[in-house]
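> What would the 3D arrangement of this be:
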Amino acid sequence: MPADTTATTATKPPMIWDPLVRVFHWTLLLCVAGAFVLGHFGPLEMTLHFYLGYAVLALLAIRLIWGFVGTKNARFGNFVRGPISVVRYLLTLPSRNPSHAEGHNPLGGWSVVAMMVVLFLQVLTGLCTDPDDYLNIGPLAPYLPDGWPRMALGWHHKLGWVLLALIALHVGAIYFYKVWKREDLVTPMITGRRRG
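Got it, this is the predicted structure:
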């Protein structure tokens, strides 16, 4: 019986994503989706939208810290690569062979950075908005010069669509890897391990 346990452990696929990265990913998805839906279709009073924005900011802060002190695949230094690595990786995309990247590939690494930057700007502009409805004033808006809160509101709306485009690219990439490269990227983000 102990020998079988050792054999099973030896053949178990290595851990790709630690629990913090996985919980961050799915919680961020729920918060961003909820904030987007409430921002476009929710009630006039945006209290819950603001709370979800605060949650996104907290999640980004945790992920930023974890990007420097976390596990190997969670660290920015492990997946943010220079332009030559990105171009080399792009040249491998037509091949049907799975990439078997341990963590984010060079292109996916920059996708993570882009998403985090846009999310941070989205939260920051939300904190600065004042739509002149006397209800949904961001906590930083009263401290800004005249005109800035309205400008922040405009950018908040524009960045929402940029974020939606990045999410669509992200989902499209997952589908591309599943169909073209026969590589499942979703299961590791749930279980932490690659199938097989």
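
> low pLDDT regions in this protein?
Low-confidence segments of the chain, defined by pLDDT under 70: 1-10, 134, 196.

> Could you tell me how far the helix ranked longest in it lies from the centre of the chain?
Longest helix in the chain by number of residues (criterion: DSSP state H): helix 148-179. The offset between the C-alpha centroid of helix 148-179 and the centroid of the whole chain comes to 11 Å, using CA atoms, centre = their mean, to the nearest Å.

> Show me which residues of it are buried.
For helix 148-179, burial by neighbour count (16 or more other CB atoms under 10 Å) applies to 149-150, 152-153, 155-156, 159-160, 163, 166-167, 170, 177. Any C-beta I mention is one placed from the backbone N, CA and C, and that applies to glycine too.

> Stretch 113-123 now?
Within stretch 113-123, the residues that qualify as buried are 115-116, 118-123, counting by 16+ other CB under 10 Å.

> go on, stretch 47-57?
Buried positions in stretch 47-57, judged by neighbour count with 16+ other CB under 10 Å: 49-50, 52-53, 55-57.

> export those residues to JSON lines and tack on distance to Thr71 and secondary structure?
Rendered in JSON lines, the data for those read as follows (distance: CB to CB, whole Å; DSSP: H, G, I helix; E, B strand; the rest coil):
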{"residue": "His49", "distance to Thr71": "33", "secondary structure": "helix"}
{"residue": "Phe50", "distance to Thr71": "32", "secondary structure": "helix"}
{"residue": "Leu52", "distance to Thr71": "27", "secondary structure": "helix"}
{"residue": "Gly53", "distance to Thr71": "28", "secondary structure": "helix"}
{"residue": "Ala55", "distance to Thr71": "23", "secondary structure": "helix"}
{"residue": "Val56", "distance to Thr71": "22", "secondary structure": "helix"}
{"residue": "Leu57", "distance to Thr71": "23", "secondary structure": "helix"}
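
> for the residues you listed, which one is nearest Lys181?
For these, the closest approach to Lys181 (CB to CB) belongs to Val56, at 30.6 Å.

> right, and that closest one touches Leu30 too?
No: using CB atoms under 8 Å as the test, Val56 is too far from Leu30 to be in contact (10.2 Å).

> all helices for the protein, in order.
With DSSP H as the criterion, the chain has helices spanning 2-11, 19-41, 47-69, 76-79, 83-92, 106-128, 148-179, 186-191.

> what does the fifth one rub up against?
Residues outside helix 83-92 that contact it (CB atoms under 8 Å, 6 or more residues apart in numbering) are 81, 99, 105-107, 110.
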